[in-house]
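>>> I need the structure of the sequence given here:
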Amino acid sequence: MAEQDFEVAVVGLGIMGSCALWRLARRGVAVVGLDRFDPPHALGSSHGHSRILRRVQFEGDEYVPLANRAFELWSELERETGRPLFTRTGLLIIGAAGSQLVRGGHESALRTGVDHELLDAAALRARYPQHRVADSDRALFDPDAGYISPEQAIAAALQLATALGAAVRTRCEVKRLAAGATGVELETAGGTLRARHAVVAVGTWLGSLVPGLASSIGIERHFFAWVPVRDPARFAPDRFPMFIRENSARAGTAIEGSHAHRERILAFGFPTQDGRRIKVGFPITGIPVTSPAVDPAPRPEELAMVEGGVLGDLLEGAGAEAGDFTACLYDNSPDGDFIIGGLPELPGVTLLGGFSGHGFKHAPAVGEVAAALAVDGRSPLDVSRFSPGRLR
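From the prediction side, this is the model:
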């Protein structure tokens, strides 16, 4: 095999691409991973020190097998690299009793056998007094949930992939790809690389690299802030689960689909290891942007969500100043469902994208699916809901 030739090339080494590289290398495939930057980095979607890992899937039952397999693979990645990646905290999904997040998540958990607990307002106040809730609120508790460090996760996946024989080329932008009957050619500044198959996981750059999907990928900016708390002991991971709060303004509206679930979320938050700060985000403030590159500077309207009293309405004991801040980009599909699979005009290419702000937790399972599609031509899990063909 010539130096420029590989069985599979993975384009983009964020969390999806790095996990695909790991699972391909686990199969013994001659695989190379390419990234325009030096992952892990803060220039896309896979950064910010913590990402939710949960079993309850209010987006739909089809996501549960991906989540279950991802839990297994996250544990494998921790075990084989010796890196502590996962912090178990549990997750509270809080909203009105009939809200889509609480009701939809509860019904899905019942159908799919996911462990959970439903709390009324009195039980929620007694167990988690940090939350300000109305009498009509309910909480769905996912006891298995916790958070993963995205930066550590990418580093771990790349570490294991290279230990298993994968090649990695950073600062290597793929400018164009051409697929044909005998394989895929990837044009880079350093020359043309050839592979039998390509897995393309470039996040917000997907529309520019695959023009046929350009109209199906929207880019949206989101921010996270870290705010101080008055009593660190009350906000430590063992006493303050991660949370997702329903946007009450949309709670009674008839919105359907995975994208609608995200639009219903007012806020989410994480504890930190020492309890001195919590991390918060407000998905309803997502800002459409045209550039796939992140501008890290906070915008006034973003800071206003933290400093304008919204957080104080939700939590007792949280500060009103952002001590730290970061922004990331979502690559949104029109319906909020993932894009996993191929297109007829791109034979030999598996596309991963459109993760719409809820994909990170599933990354090892998505990587395993991508590896199977690249090598076997079929997936071990049913991913038909996520076919790119639905976007035509």
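>>> Beta-bridge partners for the closest residue to residue 97 other than its chain neighbours, please?
Counting by CB to CB, 6 or more residues apart in numbering, residue 138 is the residue found nearest to residue 97 once chain neighbours are left out, at 4.6 Å. The C-beta positions use only the backbone N, C-alpha and C, and glycine is treated the same way. Residue 138 forms beta bridges with residue 95, residue 120, as assigned by DSSP bridges.
>>> again with the one 4 residues further on
Beta-bridge pairing of residue 142 under DSSP bridges involves residue 91.
>>> isn't it right next to residue 53, touching?
No: with contact defined as CB atoms under 8 Å, residue 142 does not reach residue 53; the gap is 9.7 Å.
>>> thinking again about what came up before, OK, contacts around the residue nearest to residue 97?
94, 95, 96, 97, 102, 118, 119, 120, 121, 124 (CB atoms under 8 Å, 6 or more residues apart in numbering).
>>> Just the terminal-to-terminal distance for stretch 279-289.
Start-to-end span of stretch 279-289 (CA to CA, to the nearest Å) is 23 Å.
>>> Check what contacts that stretch and list those residues.
Contact with stretch 279-289 is made by 48-50, 218-227, 247, 262-263, 265-270, 272, 299, 301-302, 305-306, 310-311, 318, 329-330, 357, as judged by CB under 8 Å, 6+ apart.
>>> The same query, at a cut-off of 7 Å, please.
When contacts are defined by CB atoms under 7 Å, 6 or more residues apart in numbering, stretch 279-289 is touched by residues 50, 218-227, 247, 262, 265-270, 272, 301-302, 305-306, 311, 330, 357.
>>> can you pull out the helices in the stretch 201-350 of the chain?
Residue ranges of the helices in the stretch 201-350 of the chain, as given by DSSP state H, counting those that start in this stretch, are 206-209, 258-263, 300-307, 310-314.
>>> and what of the stretch 51-200 of the chain?
Using DSSP H, counting those that start in this stretch, helices in the stretch 51-200 of the chain cover 63-81, 105-112, 121-127, 150-163.
>>> gap between the third one and the chain center?
Centre-to-centre, helix 121-127 and its host chain are 30 Å apart (CA atoms, centre = their mean, to the nearest Å).
>>> and if you look at stretch 69-89?
Using CA atoms, centre = their mean, the offset of stretch 69-89 from its chain centre is 16 Å.
>>> Nearest to residue 346, out of the helices of the stretch 51-200 of the chain?
Between residue 346 and the helices of the stretch 51-200 of the chain, the tightest spacing by CB to CB is seen for helix 63-81, at 23.1 Å.
>>> by contact count, what packs against the closest one?
The contact analysis (3 or more CB pairs under 7 Å, 6 or more residues apart in numbering; DSSP states H and E) places helix 63-81 against helix 150-163, helix 363-375.
>>> winner for burial among these?
helix 363-375 (a mean of 26; mean count of other CB atoms under 10 Å).
>>> what mean pLDDT does it have?
For helix 363-375, the mean per-residue pLDDT is 99.
>>> Now do that helix and helix 150-163, the angle between them.
Going by axes from the mean of the first three to the mean of the last three CA atoms, to 10 degrees, helix 363-375 is angled at 40 degrees with respect to helix 150-163.
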